[in-house]
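Trainee: predicted model and sequence below, questions to follow.
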Number of protein chains: 4
Amino acid sequence: MSSWGNNIKISIFGESHGNGIGVVIDGLPSGERLNLDEIYLQMSRRAPGNDKAATPRLEKDMPEMLSGMLNDTTTGAPLCAVIKNTNIRSQDYGNMLKHPRPSHADYTGYVRYNGFNDIRGGGHFSGRLTAPLVFAGAVCRQILEKKGIKIAAHISSIGNIEDEMFNGTDISDELMERLSKATFGLIDQSCEYKMRSLIEECRMSQDSIGGTIECAVVGMPVGAGSPMFNGIENVISSIIFGIPAVKGIEFGSGFEGTKLRGSQNNDEFYYDSGVVRTRTNNHGGILGGISSGMPIIFRTAIKPTPSISMKQRTVDLDSKTNSEIEIQGRHDPCIVVRAVPVIESATAVAIINILSEVHKL
Amino acid sequence: MSSWGNNIKISIFGESHGNGIGVVIDGLPSGERLNLDEIYLQMSRRAPGNDKAATPRLEKDMPEMLSGMLNDTTTGAPLCAVIKNTNIRSQDYGNMLKHPRPSHADYTGYVRYNGFNDIRGGGHFSGRLTAPLVFAGAVCRQILEKKGIKIAAHISSIGNIEDEMFNGTDISDELMERLSKATFGLIDQSCEYKMRSLIEECRMSQDSIGGTIECAVVGMPVGAGSPMFNGIENVISSIIFGIPAVKGIEFGSGFEGTKLRGSQNNDEFYYDSGVVRTRTNNHGGILGGISSGMPIIFRTAIKPTPSISMKQRTVDLDSKTNSEIEIQGRHDPCIVVRAVPVIESATAVAIINILSEVHKL
Amino acid sequence: MSSWGNNIKISIFGESHGNGIGVVIDGLPSGERLNLDEIYLQMSRRAPGNDKAATPRLEKDMPEMLSGMLNDTTTGAPLCAVIKNTNIRSQDYGNMLKHPRPSHADYTGYVRYNGFNDIRGGGHFSGRLTAPLVFAGAVCRQILEKKGIKIAAHISSIGNIEDEMFNGTDISDELMERLSKATFGLIDQSCEYKMRSLIEECRMSQDSIGGTIECAVVGMPVGAGSPMFNGIENVISSIIFGIPAVKGIEFGSGFEGTKLRGSQNNDEFYYDSGVVRTRTNNHGGILGGISSGMPIIFRTAIKPTPSISMKQRTVDLDSKTNSEIEIQGRHDPCIVVRAVPVIESATAVAIINILSEVHKL
Amino acid sequence: MSSWGNNIKISIFGESHGNGIGVVIDGLPSGERLNLDEIYLQMSRRAPGNDKAATPRLEKDMPEMLSGMLNDTTTGAPLCAVIKNTNIRSQDYGNMLKHPRPSHADYTGYVRYNGFNDIRGGGHFSGRLTAPLVFAGAVCRQILEKKGIKIAAHISSIGNIEDEMFNGTDISDELMERLSKATFGLIDQSCEYKMRSLIEECRMSQDSIGGTIECAVVGMPVGAGSPMFNGIENVISSIIFGIPAVKGIEFGSGFEGTKLRGSQNNDEFYYDSGVVRTRTNNHGGILGGISSGMPIIFRTAIKPTPSISMKQRTVDLDSKTNSEIEIQGRHDPCIVVRAVPVIESATAVAIINILSEVHKL
C-alpha cells in the first residue's frame, strides 16, 4: 500500500515514467494558509540537479494543486497535487525485466506483480515517488511550524565521514532554520569538502556510497503519542521505511546506547524555570512511546545507491541462467544528500498524525 | 493504541498490577490446530525466573483461553487469552507518581493521562504486557510453521560482548529450531559465560546493561509485502517498537552497510537449482519492501534497563523541585535475555499479517 | 472482524457457550469517572428474563473489569470487561451443524469457517455477543452525557403496531431520560398492551415477529462528522449492522421521504435565540454527513426472530438431501424489545468516535 | 474522510469548481486488463445530459489515467484518474455562504470547516464527486465480472410510482446485463413514461422528487464476509451512505420484513442440483454478515433533490436574521436516475473489498 496515516492520510500514486505522480492528503485542517514558495523550496531541495553531488538529470517537479486549496488556504477537503512526468529516457532501462539489477526491487517487484508492474525507471519503486512525499511534508511542516514545532535533518555521515551530531538537550533555532533549507545540510560545515570528495571518488570509480541522516523535531509538546503500537517510534519508523534505501532507524542513543550501563544511558529529570527537562537526551525525546518535551532525535541508515555503472553479476530471468548486467544511465553515487528533505517530510507527516490523535474529546 | 494489525488484529490490554492482562486476536484463520504446550513453552521463555540472569520474581503467566478455540483448534472467532495477575508487590512503587524514574514512562504517562494512569508496576507501560504479545506470537508462529516459515532470534550482544551473527545466506534448520526454544539463545554458545558475567557485574554494582537481538525469518516466500508504506520493514518496525526498551532496528547490513560502497553492499543474483538467490544478504531478505526469498534478518537495540537501584536525580512533581530517587524492588539488570522470545513473537504477528495481505482476489 | 472504530476501538470476543465473552475498549480518554450501577442497569435492560415479553432464560451477565479502570475511573489504558458464561444448555443445539436453521448464520458460518466454528448456541453469531457491546456503549454514553449528549431509543413498531415517532424538532429531556432506562421503551405507552399481546400470540403459535427501533441523539454539537465515507450515516450504519437481525436503517424521513417533493422534504433554517435550527427535521440531524445540531434520528429494521419452534424445511448437510428441522430450546418470539439498549449502545460507540475525529490539531 | 476501504482503498478528491476531481485506487491486483470503453460507458450513465430526465448541463467527465495502468492493464501500483473541471458557472452560487440552502450541506460544511471550504457548486459535497466513484466502480466491476459476479441496479421507485422488484431467487443474466448498461434502468420498462411524467411535473413546478434504487449482486460465492462489524451489510452501507442524498438502506425484505412472522420471513434451505439454495430470499443473500450464495439485494432511499427553484426560507449567516433564498442554476428535479450507476459502482468497490478479505493465508 502506498497510503499512510490515520487521521491525516496520504495516498501517493505514480510510476517513474508514467503520465504523472502525486499525492492526496485527506483530513487536513481547514483554514491553514500555505506559503507555496516554501513548498517549492522543499521540493527543490529534493529535486535532482540542484546540488552538484547529486544526479545531473533535470526535472521540473513543480506540482499542480487540483483540490483542497483556495486562495492558498486549505479548504479541509482532500488536497491533491499532481506532478506531470517530463524528461523521460525510458530506453535506459530496456533490459531490466530480463536482468534484475542487484539490490533493486526489480526482481521482488516482478514476482509481486507477476511481471505486470511498470519497470521503466523503477516504476512505483522509484526514488522519484519521494517528490509527492516531500510535497505532503512541506504542507504539514508549515502547519506544525505555526505551533512552534520545527523539523530539520542533516547528513550525519557519508561512508566513514561523520558530521557532528545534534546536541540533544540544546538545539538552536538558527541551526534548525539553516538545516531545514539547506541542500547539503551539515552541522559542522567543514565536513562538506571531505564528503563531496568521497562522493566524487565513488562516482569516478563507477561505484556508490551510503550514509546516515539525523533528524530532530524541536518544540514537541509533552505527552503526545501512545503506549505500545502507536508510540512515536512506531509511527515515525512505519513511514520512514517507506523511503527507498532506508535500512535502519535508531532513536536517541540507539545502538550505541546498548553498550552503556543504565547509569550512563538514563536521562535524569530536573526543573528548568518550572519546566521538567532531562539533563541528557539518550531517550531521543520519547519515553514509553510518548514525547517528553525534549527534542525528538533519530538517525536513519541509507544504503549505498544500488545503481552502479560497473559490471555486476545477475540472472537472466528468460533463460533462467546466470548472467551479467551493466546499468546504463546517470545515477546519484550517493542519495543521502537528496534524502535529507525526504526524511524531514516523512517526519512532518508522522508528527502531524501523532498530534491529531485525540487525548480528550 | 494497544491494537495492531490489518487483517489479523491484536488488541492487548492490562496493567501490571490490575486484575488481569491479555490479548484478543481477531481474524485468525479457522481450523488451525494449536499445540498448547508449545504456547506455554514460548511464554515460559519470557517469564521471569526461568533463567538465572533474569529477575528473581516468580510469575504464573499461564493464560486462560476464553474464546476462539474449540478442541485446541481455532474457530475463526476472535481468540481471547487472559492472564490473571498474581504476586503483586504494589508497595514497591509507592513514590513513583511524585518522583518519576529516569528513562521510564512515568513522567510522559503522567502527562499523557493527566495523572489517571495506573502507575503501579509501570501500569500499561510495564514489560509484563509483553506476555500477551508472546501468547499472540506463539499462536501465529505455529500457523506459520505449517507453511514452512520459521522465526528465531538470539542475543547478538550484551554491552560490548558480541555473539556471532547469522550467516544471511545459510541458516540451518537446526540452528533455527534450537534458538526458537532457548532461554539464553546464542549462535556461539561459548559467549554465554562472558555475557552472564557482565550481567552479574551490573547487578552487583546496582546497574544495568543493554544489548541487541538479531532475528531471522527463514522460509519466507518471494514476493510478499508491498512498496512504500506496507513494506516488510515498515510493518515489522511498527510492531517491534511496541516492545518496551527497543530504541533501534536495522535490516540486513543496516547501519554498517552505510559505510560500504555499492559494489560491496549489493547482493548479486544467481540461480541455485532453478531458484533465484543472492550471493550475499546485505538486503536482509527485503528489496523495495518485498521479500526476496532470502532470510529476513534484522537487529534491534534494547536499551539498558532504566530501573537501577543506585540513587538517581529526578524531580518532585508535587513540590516542583529537583529531588532524588532510589528505586526499590528487584529488577532485571538486563532485559535482553527475556526480550528474545518477545521479538520473535512480534515478528510472527507481523509476518502473518504480511502474508494475509491479498495479492489476488 | 469483530473490531470496530478508529480513534476509540472496540474488540468484541466470545462464543455463546464458550468460557467467556467480553470486549476491549482501546483509546478511551483517561480520568472519566464511571458509574458502575448505570453500566449494570444498561446491561440488565438487554439481559434476558428482565421483561416478560423476552426469553425466560436467566443469565448473570455481570462483567468483570480486568483493566483500564482504577477507583471507578478510566486510566486511559485499554478497558477490558469479561463476562463468564453460565447457564449453558448446549444439548439444545445438537443437530445444528447437520441441519442449518433457516435464516440463521448456521450455514454461512459453516462455509465461512470450514465447519470449525463453535456452533453451540450460535457461537460468535449469537445475540449474546451484544452484551459486551452494551457494556461498551454504557461506558461511552456516560462520557457523552457529561458533554450534554443523550441517546435514547424506543420500540417504534412490532409487526404492524406502531408507537408514536420522535418529534424531530422537539424531544424533551424527560422523554430521553425515561426511554434510556426503560425495558419496554415506548413514547406512547398505551401501545404496550397491544404489542405484548401480539408477541404472546406469536409465542403461542410457535412463531415470531419483527419490528423497528427508532433512536435519537440529542445535544450533538453542530459540525461533527465528515463528508463522503466518514459521514455520520456511514459511521452509525457500519456499527449498527453488527447487531444480529438488523436488516435496514433509515435517517430522518428515510424511505418515506423518497415519496415527498423537495419542497415538502426540505428543512428550512431559522434563527432561534441566536441559534440556527431547522423548522422540520426530515434530514435526521445530518446534512452532508455532518451534524446540523438538530437531533439525530434514525430507525432500524429488526427481522422476526429466525428461531421458531414450528417444523421448518432445511437441508441435511451430511447426506446432501432435503430435510426438516424442529428447533428446540426457548427463544424470544420478538427480540426487538431487548435490542433497544443494544441500538442505543452501538450508537454511543459510534458518536464518541465521530466526536473524537479531529477537526483542529 | 473521503477515503474508504481496507485491502483495496479509494481516495477521492476534488471540489465541484476546483481544478479537477479524481480518485486514487490503491491495492488493485496487477495484470487485470481493463476495457476503457466500458469505463467510459459507466461514466456516461452518470454524466449529466445523457438522459432527458436529468440536468441539461453538459460535462465532459472523461478521466485521464495518471498511473497504475500500462497497456490498458493494471500494474498493481495505485491507479489515479483525474477529471479536469470544465463548464463552470460559479456565479450561480454566489450567495450560498450567506444563505445556506435548505437540506444542503452548506450550513454544516460552513461550521465544520470554519468557512474555509470551497462553496462553489457545493465544493467537495457536490454530487459531481460521484464521477470518480463511478470510475473506481467501473474498474472494480470489470475485475468482478471475470469472476462471474455481476452487479446491476434499477429505479425501484420515483415518488409513489414503483417498478417491479427483483425476484430474489431468480435473476436472469439478461436482466443484469441490460440494467447494468441502462440510462433509465427499470425491470418493468412500462413504468418509464409515468416516472418521466412525474419528474417533468416536478421540474415544471420548480420542485423535485425522491425515489429508491434496488441493487442486486449475482454470482457471489458462499461464505464471503464476516460476523459483526465486517459483515456485508456493514461494508456496503458504510460506502453507500457516502453518496449524497442517500438516507436509507435495507437488505432483503428490510423494513417490510419487520411486519412478517418468522415463519413468513424465514428462508428455507433446499438442495438444487447439489447446491444449497433458499426457497425465498428475504435475507437478501446475507446471513450473519456472510453471503449465502443467493443474490445480494438491497434498496436505498434517495431524498428529493434539495436544490429547488422556488423561494425557500433560510437564514442570513452574516446578519444572523431569518431570510429567504431562491436557488439559481439548473438542477436535476430527480437525481435517482443518475444515481443508479453510482450505487452499482459503490457496491462494486464494496464487494471487491469483501472478497479480498483473507480467509486462509
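Mentor: All right, it came through fine.
Trainee: sec struct for residue A:175, please.
Mentor: Secondary structure, DSSP: H, G, I helix; E, B strand; the rest coil: residue A:175 is helix.
Trainee: what residues are up against the nearest residue to it once chain neighbours are set aside?
Mentor: Excluding its sequence neighbours, the residue lying closest to residue A:175 (Cβ to Cβ, 6 or more residues apart in numbering or on different chains) is residue A:187, at 6.8 Å. Just so you know, the C-beta spots here come from the backbone N, C-alpha and C atoms, and that holds for glycine as well. Residues near residue A:187 by Cβ atoms under 8 Å, 6 or more residues apart in numbering or on different chains: A:154, A:163, A:164, A:165, A:166, A:175, A:179.
Trainee: also residue A:288?
Mentor: Per Cβ under 8 Å, 6+ apart, neighbours of residue A:288: A:227, A:231, B:104, B:105, B:108, B:109, B:125, B:244.
Trainee: just residue A:214 next, same as before
Mentor: A:153, A:154, A:156, A:163, A:165, A:166, A:297, A:298, A:299.
Trainee: mind putting those into CSV with neighbour count, pLDDT and distance to chain D?
Mentor: As requested, those are exported to CSV (neighbours: other Cβ atoms under 10 Å in any protein chain shown; pLDDT from 0 to 100; distance: Cβ to the nearest Cβ, whole Å):
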residue, neighbour count, pLDDT, distance to chain D
A:153, 27, 98, 27
A:154, 29, 98, 32
A:156, 24, 98, 32
A:163, 23, 98, 36
A:165, 16, 98, 37
A:166, 25, 98, 35
A:297, 26, 98, 32
A:298, 27, 98, 27
A:299, 26, 98, 30
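Trainee: the nearest residue in space to residue A:334 that is not next to it in sequence: how many residues sit nearby?
Mentor: The shortest distance from residue A:334 to any residue other than its chain neighbours is 4.6 Å, reached at residue A:199 (Cβ to Cβ, 6+ apart). Number of residues near residue A:199 (other Cβ atoms under 10 Å in any protein chain shown) recorded here: 24.
Trainee: tell me if residue A:199 really is in a helix.
Mentor: Yes. Checked against three-state DSSP, residue A:199 lies within a helix.
Trainee: contacting residues for it?
Mentor: A:53, A:158, A:209, A:333, A:334, A:337.
Trainee: between the contacts of residue A:288, which is closest to chain D?
Mentor: For the contacts of residue A:288, the residue nearest chain D by Cβ to the nearest Cβ is residue A:231; the value is 23.2 Å.
Trainee: now, the contacts of residue A:214 that are in strands?
Mentor: A:153, A:154, A:156, A:297, A:298, A:299 (DSSP state E).
Trainee: and the gap between the second one and residue A:41?
Mentor: In this structure, residue A:154 lies at 17 Å from residue A:41, with Cβ to Cβ, to the nearest Å as the measure.
Trainee: please apply the same query to the fifth one.
Mentor: Counting by Cβ to Cβ, the separation of residue A:298 from residue A:41 is 24 Å.
Trainee: do the last one as well
Mentor: Separation of residue A:299 from residue A:41 (Cβ to Cβ) stands at 24 Å.
Trainee: now the first one
Mentor: Summarising the geometry, the distance separating residue A:153 from residue A:41, computed by Cβ to Cβ, is 15 Å.
Trainee: now the lengthiest helix in chain A: how far from the chain's centre is it?
Mentor: The longest helix of chain A (DSSP state H) is helix A:336-356. When distances are taken as Cα atoms, centre = their mean, to the nearest Å, helix A:336-356 is centred 6 Å away from the chain's centroid.
Trainee: briefly note if that helix comes near chain D.
Mentor: No. Helix A:336-356 does not reach chain D (Cβ under 8 Å from any Cβ of the partner chain); its nearest approach is 12.2 Å.
Trainee: now that helix: buried residues?
Mentor: The neighbour-count check on helix A:336-356 (16 or more other Cβ atoms under 10 Å in any protein chain shown) flags A:336-356 as buried.
Trainee: one more: stretch A:170-183?
Mentor: For stretch A:170-183, by 16+ other Cβ under 10 Å, it's A:171, A:175, A:176, A:178, A:179, A:180, A:182, A:183.
Trainee: and which of the residues you listed is nearest residue A:292?
Mentor: residue A:171 (14.5 Å; Cβ to Cβ).
Trainee: list the contacts for the closest one?
Mentor: Residue A:171 touches A:216, A:218, A:295, counting by Cβ under 8 Å, 6+ apart.
Trainee: turn the residues you listed into a markdown table, columns for neighbour count and distance to chain B.
Mentor: Below are those laid out as a markdown table (neighbours: other Cβ atoms under 10 Å in any protein chain shown; distance: Cβ to the nearest Cβ, whole Å):
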| residue | neighbour count | distance to chain B |
| --- | --- | --- |
| A:216 | 28 | 16 |
| A:218 | 20 | 17 |
| A:295 | 24 | 14 |
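Trainee: before we move on, the earlier item: in ChimeraX, select just the buried ones from the contacts of residue A:288.
Mentor: In ChimeraX, this line selects whichever of the contacts of residue A:288 come out buried by 16+ other Cβ under 10 Å:
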select /A:227,231 /B:104,105,108,109,125,244
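Trainee: state the pair within the contacts of residue A:288 that is farthest apart.
Mentor: Counting by Cβ to Cβ, the most remote pair of these is A:231 and B:104, 14.1 Å apart.
Trainee: residue boundaries of the helices in chain A?
Mentor: Taking DSSP H as the test, the helices found in chain A are A:36-46, A:106-112, A:130-145, A:173-179, A:192-204, A:232-240, A:254-257, A:262-265, A:336-356.
Trainee: now those helices in CSV, with mean pLDDT?
Mentor: Shown next, in CSV, are the helices of chain A (pLDDT from 0 to 100):
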stretch, mean pLDDT
helix A:36-46, 95
helix A:106-112, 96
helix A:130-145, 98
helix A:173-179, 98
helix A:192-204, 97
helix A:232-240, 98
helix A:254-257, 98
helix A:262-265, 98
helix A:336-356, 97
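Trainee: what separates the closest residue in space to residue A:6 that isn't next to it in sequence from residue D:214, distance-wise?
Mentor: Nearest non-adjacent residue to residue A:6, counting by Cβ to Cβ, 6+ apart: residue A:353, 5.9 Å away. Separation of residue A:353 from residue D:214 (Cβ to Cβ): 40 Å.
Trainee: would you mind listing what in the stretch 151-300 of chain A touches chain C?
Mentor: Counting by Cβ under 8 Å from any Cβ, the stretch 151-300 of chain A sits next to chain C at residue A:227.
Trainee: count of residues packed around the closest residue to residue A:81 other than its chain neighbours?
Mentor: Spatial nearest neighbour of residue A:81, excluding adjacent residues (Cβ to Cβ, 6+ apart): residue A:63 at 3.9 Å. By other Cβ under 10 Å, 23 other residues sit near residue A:63.
Trainee: with residue A:134 instead?
Mentor: What residue A:134 shows, counting by other Cβ under 10 Å, is a neighbour count of 27.
Trainee: and the one 10 residues further on, by the same measure?
Mentor: Around residue A:144 sit 22 other residues, with neighbours defined as other Cβ under 10 Å.
Trainee: now do residue A:292
Mentor: Residue A:292: 30 neighbours (other Cβ under 10 Å).
Trainee: with residue A:40 instead?
Mentor: Residues lying near residue A:40 (other Cβ under 10 Å) number 16.
Trainee: same check, this time on residue A:106
Mentor: 27.
Trainee: so what pLDDT did the residue nearest to it when sequence neighbours are not counted get?
Mentor: Nearest non-adjacent residue to residue A:106, counting by Cβ to Cβ, 6+ apart: residue A:100, 3.8 Å away. Listed pLDDT for residue A:100 reads 95.
Trainee: same question for residue A:85.
Mentor: So residue A:85 comes in at 84 (pLDDT).
Trainee: ok, the closest residue to residue A:72 other than its chain neighbours - contacts?
Mentor: Among residues not flanking residue A:72 along the chain, residue A:34 sits closest, at 5.6 Å (Cβ to Cβ, 6+ apart). By Cβ under 8 Å, 6+ apart, residue A:34 lies in contact with A:69, A:72, A:73, A:74, A:139, A:142.
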